[in-house]
Structures are given as C-alpha cells and as structure tokens.
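Enquirer: fold the following, please.
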Amino acid sequence: MEASVDYPLLNAFMTMLWFFLWVMWFVLLFRVIGDIFRDDGMSGWAKAGWTISVCVLPFLGVFVYLIARGRGMGERDRRQMQRQDQAFRSYVQEAAAETPAAERTSADELAKLAGLHDHGDITDTEYAQAKAKILASH
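Expert: I've put the predicted structure just below:
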C-alpha cells in the first residue's frame, strides 16, 4: 500500500508518456535507417554518411534527415508499395491463369471433362451431354 502512496497517478502517467515517446523515437530511427538503405538514387558514400550521422548524433541526424529528405520518404514508400502491389497482382494472375479460351483445344476440354467424370463429380449422362456439346462447338 505504501508503494501506491509514494508513486502518484501523475507520475505513472508521466512514466507511460516517456516510455511511449521512447518507443516512437526508436520507430522513427529505424524508419529513417530503412529509408536510407532503400533509396536507390543515393550513392553508397551518401548512405554511409547519413548512417554515421544518424548513429553518432542520433537526434540531430534524424531531424536533419527528416528536414532534408522527408518528402522523398513518402514517395519512396509509395513507389515500393506500388511495386509490391504490382508483383502481387502479377503473381495472382499467373497462379490463377488457365489456358485462355481462344487457345483451349477440344482435347483440353475433353481431358478436363474426363477428369470430372472419373472423380465422380458428374454423372454419365452429364458427361455424355457435355462431351457432345464440346465436339459440336469445335
């Protein structure tokens, strides 16, 4: 009970505030370091210089980086997200792509139909009707 008297609510609030500011500082620091290495337009010497300035004088280095190159950080993030989105979309299209209808042959369609019939997904009459329809259309 004495510990709660010695540590009032305002002090607990201030401790939490400082803790969250400390976490936010590290998030900002790692974001800046990640942006330094992600930038393809920056030379290796420039990356080394910014990294040294951020590590040696962290507060000053991060704030100067944000002032000098802060606008580009958002643009680089946006471009990276667009590249990732495009890569994901092309992967999904490749994975989900079947042979286009124009390139499908009747043999492909009959093989697919036979697979359905062998699996028991369609009955003998449905198989015969679908087979007749495929042979009539090609």
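Enquirer: where in the protein is the helix or strand with the lowest mean pLDDT?
Expert: Least confident helix or strand of the chain, by mean pLDDT, DSSP states H and E, is helix 2-6 with a mean of 61.
Enquirer: for the next helix or strand after that one, buried residues please.
Expert: Downstream of helix 2-6, the first helix or strand assigned by DSSP states H and E is helix 9-38. By 16 or more other Cβ atoms under 10 Å, the buried positions in helix 9-38 come out as Leu29, Val32, Ile33, Asp35, Ile36. Where C-beta positions appear, they are placed from N, C-alpha and C, glycine not excepted.
Enquirer: what do you get for stretch 38-45?
Expert: For stretch 38-45, by 16+ other Cβ under 10 Å, it's Asp39, Met42.
Enquirer: run through who's touching that stretch.
Expert: With Cβ atoms under 8 Å, 6 or more residues apart in numbering as the test, stretch 38-45 has contacts from Ile36, Lys47, Trp50, Arg69, Gly72, Arg76, Gln80.
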